[in-house]
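S.K.: Structure, please.
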Amino acid sequence: MRPIADVAADLGVADELIPYGTTKGKLPLSLLDRGAPDGKLVLVTAITPTPAGEGKTTTSIGLVQAMAQRGHDVVAALREPSLGPCFGIKGGGTGGGQSRLEPSVDINLHFTGDLHAITAAHNLIAALLDNHLHYRKEPAIDPRRVVWKRCIDQNDRSLRQVMVGLGGGKQGLPRESGFDITAASEVMAILCLASGVDDLRTRLARTIVGYGPTGSPVTVQQIGATGGALALLADALRPNLVQTTEGVPALVHGGPFANIAHGCNSILATRMGLTLADWTVTEAGFASDLGAEKFFHIACAAGGFAPNAVVLVATVRALKHHGGAARDALQTEDVARVEQGLPNLWAHVDNLEAFDVPLVVAINRFPTDTDAELEAVRAAVAARGLTAVVASHFSDGGAGALDLADAVVAAASDEASFTPAYTADQSVADKLQALVRRVYGADDVELGPACRPVLKRLERLNLTHLPVCMAKTQNSISADPSKRGRPEGFVVPVRGLQLSVGAGFVVALAGDILRMPGLPRNPSADKVDVVDGEIVGIE
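M.R.: Next up, the predicted model:
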């Protein structure tokens with residue numbers, strides 16, 4: 001790895017760097033005062049995930065390395081991994097092979113402490129809330145109407161529903177509660193969507209933690225938690241600077257999941273990239289029906305930016321899986337299964353074309369892919385009048401993505417824009433209809449009984465303008481994780497709505513999605529260890 005001071009020098013910020021050792025550091029928000037962000041923005045998204053893998057992060061990193069090799073002034077702006085997936089089913093989140101972030105183990109684990117700060121700030125609010133209840137402070141909060149849970153940055157199904165305050169009169173008021181994973185915390189969303197310290201304070205202060213006996217909302221400000229939470233987040237608000245395998249600058253900041261949160265890195269990091277470099281490459285979690293949609297409707301709206309180009313990542317292996325191939329058959333050539341899986345690719349192409357953004361399809365090559373399979377995808381995409389580029393950045397680093405870099409630069413529009421699926425003046429119910437029909441291809445949305453009082457509350461509080469953050473399975477365009485490919489003739493059931501005023505959106509809970517994941521039978525934690533003083537098994 002290059003010294004982080006040298007990486008900062010590439011961005012012209014060596015004097016402003018706040019080093020965390022020799023390989024990582026933070027950048028002050030004052031860098032945003034250098035001028036209006038006028039770089040070009042590239043968004044990386046993907047087809048529907050499968051166990052075969054797609055590789056958005058690896059592709060994002062390979063792309064910035066290739067652009068750097070072509071002589072472009074470029075920076076990556078990516079999310080920080082959560083410990084939940086690192087020790088759960090996914091493993092690390094820093095890319096792979098010759099296209100990864102460094103120092104990879106540090107970034108995957110404690111990094112600069114941002115996720116711990118978010119966890120601490122969230123739980124400080126929870127502690128002060130329970131203290132407010134214990135002393136029966138004003139404004140009164142109905143214990144049955146508390147909406148603020150606690151959080152932890154681990155997958156732990158046992159904490160989804162808990163009882164607190166069970167030790168008698170001195171131990172707090174008994175009530176039902178639970179935990180969300182830190183990546184789904186509203187504090188995480190607030191940090192990622194805040195435009196600066198003052199906006200962070202405002203968003204924290206207005207966050208609703210519960211409701212009084214008459215249904216009036218009670219906020220973080222009203223329980224005296226704003227200042228303490230802000231203090232815990234003061235350092236975490238500064239974007240982190242690291243590097244790729246080839247020493248290209250990368251801003252890594254914020255880590256909301258895209259299936260149960262809004263799935264984008266902080267707008268501060270993205271705006272900083274657009275201010276300091278000619279090109280910024282960012283990614284949105286999971287597929288276009290989740291991450292890209294939320295990037296458009298939530299992150300772009302909060303950040304005041306839009307993409308100049310979008311890269312849609314697909315793999316032969318994933319297309320074969322969508323085409324019905326068994327997981328143990330993905331390494332065997334099967335052009336017919338690849339072609340049968342193409343409808344999933346077309347669903348995401350249709351989504352992005354409806355958003356009216358310049359599009360390039362990146363075929364992330366695996367070693368077992370055959371030329372016939374790759375050509376089947378490339379030719380099919382070309383027949384639709386689009387560009388598809390095979391890239392081998394996992395094996396070859398930036399050199400394996402040079403054609404992709406050229407295609408992205410050629411496709412990028414001078415005017416960054418997109419066409420939203422809905423507008424702010426539509427009702428939340430109409431926004432949900434627009435999402436499920438236009439983005440998912442569903443016939444309709446079915447609102448459960450628990451949604452109706454929240455819709456009325458939104459109207460009463462004049463908050464119907466808020467965008468929707470859909471919490472939905474990542475494994476299908478529908479809300480049913482078993483439906484691969486491009487499902488048709490389905491209805492999306494929304495069982496509940498959660499009002500996130502601080503973040504500035506309404507969370508819709510679709511199907512059986514949960515905001516606290518569980519661990520698999522054989523979690524990735526089984527492989528993690530320390531050998532000769534080095535951490536191993538985080539991949």
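S.K.: Pull out the C-alpha coordinates of the lengthiest strand in the chain and format them as CSV.
M.R.: In the chain, taking DSSP state E as the definition, the longest strand is strand 491-500. Taking C-alpha atoms only, strand 491-500 is exported to CSV below (Å, rounded to 0.1, in the frame of the first residue of the first chain):
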residue,chain,number,x,y,z
VAL,A,491,-48.7,-8.5,-5.9
VAL,A,492,-46.3,-6.9,-3.4
PRO,A,493,-47.7,-7.1,0.2
VAL,A,494,-46.6,-4.2,2.4
ARG,A,495,-47.3,-5.3,6.0
GLY,A,496,-46.3,-2.0,7.7
LEU,A,497,-44.9,1.5,7.3
GLN,A,498,-42.3,3.1,9.6
LEU,A,499,-41.9,6.9,9.7
SER,A,500,-38.2,8.0,9.7
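S.K.: Let me know the average pLDDT across whichever helix or strand comes after it.
M.R.: Scanning forward in sequence from strand 491-500 by DSSP states H and E, the next helix or strand is strand 505-510. For strand 505-510, mean pLDDT rounds to 98.
S.K.: tell me the contacts of Arg34?
M.R.: Thr275, Leu276 (CB atoms under 8 Å, 6 or more residues apart in numbering). Just so you know, the C-beta spots here come from the backbone N, C-alpha and C atoms, and that holds for glycine as well.
S.K.: How about the residue nearest in space to the middle of the chain: what's its closest non-neighbour residue?
M.R.: Closest residue to the average C-alpha location of the chain: Gly263 at 1.7 Å, with CA atoms, centre = their mean. Nearest residue to Gly263, sequence neighbours excluded (CB to CB, 6 or more residues apart in numbering): Gly285, at 3.5 Å.
S.K.: What of Leu312?
M.R.: Val361 is the one closest to Leu312 (CB to CB, 6+ apart), at 5.1 Å.
S.K.: From the contact counts, what lies against the helix or strand containing that neighbour?
M.R.: Val361 belongs to strand 359-364 when elements are defined using DSSP H and E. When contacts are defined as 3 or more CB pairs under 8 Å, 6 or more residues apart in numbering; DSSP states H and E, strand 359-364 sits against helix 56-69, strand 309-314, helix 335-354, helix 371-383, strand 387-391, helix 402-411.
S.K.: Kindly reformat the ones you listed as a markdown table containing distance to Ala326.
M.R.: Formatted as a markdown table, these follow (distance: least, CB to CB, whole Å):
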| stretch | distance to Ala326 |
| --- | --- |
| helix 56-69 | 24 |
| strand 309-314 | 19 |
| helix 335-354 | 10 |
| helix 371-383 | 16 |
| strand 387-391 | 25 |
| helix 402-411 | 30 |
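S.K.: Could you check the angle the longest strand of the chain makes with strand 505-510?
M.R.: 150 degrees (axes from the mean of the first three to the mean of the last three CA atoms, to 10 degrees).
S.K.: Return the distance of strand 491-500 from the chain's centre.
M.R.: 19 Å (CA atoms, centre = their mean, to the nearest Å).
S.K.: strand partners of it, parallel vs antiparallel please.
M.R.: Partners of strand 491-500 in the sheet, by DSSP bridges, are strand 444-447 (parallel), strand 505-510 (antiparallel).
S.K.: Would you convert those into TSV that also reports mean neighbour count and distance to Thr368?
M.R.: Formatted as TSV, the strands paired with strand 491-500 follow (neighbours: other CB atoms under 10 Å; distance: least, CB to CB, whole Å):
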stretch	mean neighbour count	distance to Thr368
strand 444-447	18	40
strand 505-510	24	34
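S.K.: Any idea which of those strands gets closest to Arg144?
M.R.: strand 505-510 (19.3 Å; CB to CB).
S.K.: Can you name the next helix or strand after that closest one?
M.R.: That would be, after strand 505-510 and using DSSP H and E, strand 529-531.
S.K.: Residues touching that next one, excluding its own?
M.R.: Counting by CB under 8 Å, 6+ apart, Ile535, Val536, Gly537 sit against strand 529-531.
S.K.: so which of these is the most crowded?
M.R.: Gly537 (17 neighbours; other CB atoms under 10 Å).
S.K.: check contacts around it.
M.R.: Contacts of Gly537 (CB under 8 Å, 6+ apart): Ser524, Lys527, Val528, Asp529.
S.K.: what do you get for Ala421?
M.R.: Glu293, Phe296, His297, Ala354, Phe355, Ala434, Leu435, Arg438, Val439 are the contacts of Ala421 under CB under 8 Å, 6+ apart.
S.K.: Now do whichever strand or helix holds Thr45: which elements does it pack against?
M.R.: Per DSSP H and E: Thr45 is located in strand 40-46. Using 3+ CB pairs under 8 Å, 6+ apart as the contact test, the elements touching strand 40-46 are helix 56-69, helix 267-276, strand 279-283, strand 309-314, helix 335-354.
S.K.: circling back to that earlier point, what's across from the residue nearest to Leu312 in the sheet?
M.R.: Residues in beta-bridge contact with Val361 (DSSP bridges): Leu312, Ala388.
S.K.: Next up, the contacts around it.
M.R.: Counting by CB under 8 Å, 6+ apart, the residues that Val361 touches are Val311, Leu312, Ala314, Leu345, Val349, Val377, Val381, Leu386, Thr387, Ala388, Val389.
S.K.: same thing with Gly303?
M.R.: Gly303 touches Leu193, Ser195, Ile267, Thr270, Arg271, counting by CB under 8 Å, 6+ apart.
S.K.: quick one on the thing from earlier: would you format the helices and strands packed on strand 40-46 as a markdown table with mean neighbour count and distance to Leu78 included?
M.R.: Below are these laid out as a markdown table (neighbours: other CB under 10 Å; distance: least, CB to CB, whole Å):
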| stretch | mean neighbour count | distance to Leu78 |
| --- | --- | --- |
| helix 56-69 | 28 | 6 |
| helix 267-276 | 26 | 8 |
| strand 279-283 | 27 | 6 |
| strand 309-314 | 26 | 14 |
| helix 335-354 | 20 | 20 |
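S.K.: circling back: got phi/psi on the residue nearest to Gly263?
M.R.: Backbone torsions of Gly285, given as degrees, to the nearest 10, read phi -60, psi 150.
S.K.: same check, this time on Ala471
M.R.: According to degrees, to the nearest 10, Ala471 has phi -100, psi 110.
S.K.: what does the one 4 residues further on give?
M.R.: Note on Asn475: backbone dihedrals following degrees, to the nearest 10 are phi -90, psi 0.
S.K.: distance of it from Pro487?
M.R.: Asn475 is 11 Å from Pro487, where distance means CB to CB, to the nearest Å.
S.K.: Cys151 now?
M.R.: 32 Å.
S.K.: again, but for Arg317
M.R.: Counting by CB to CB, the gap from Arg317 to Pro487 is 20 Å.
S.K.: ok, back up a step: I'd like the helices and strands packed on strand 40-46 laid out as JSON lines, including mean pLDDT and distance to Gly397.
M.R.: Converted to JSON lines, the helices and strands packed on strand 40-46 look like this (pLDDT from 0 to 100; distance: least, CB to CB, whole Å):
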{"stretch": "helix 56-69", "mean pLDDT": "98", "distance to Gly397": "6"}
{"stretch": "helix 267-276", "mean pLDDT": "98", "distance to Gly397": "21"}
{"stretch": "strand 279-283", "mean pLDDT": "98", "distance to Gly397": "15"}
{"stretch": "strand 309-314", "mean pLDDT": "98", "distance to Gly397": "17"}
{"stretch": "helix 335-354", "mean pLDDT": "97", "distance to Gly397": "26"}
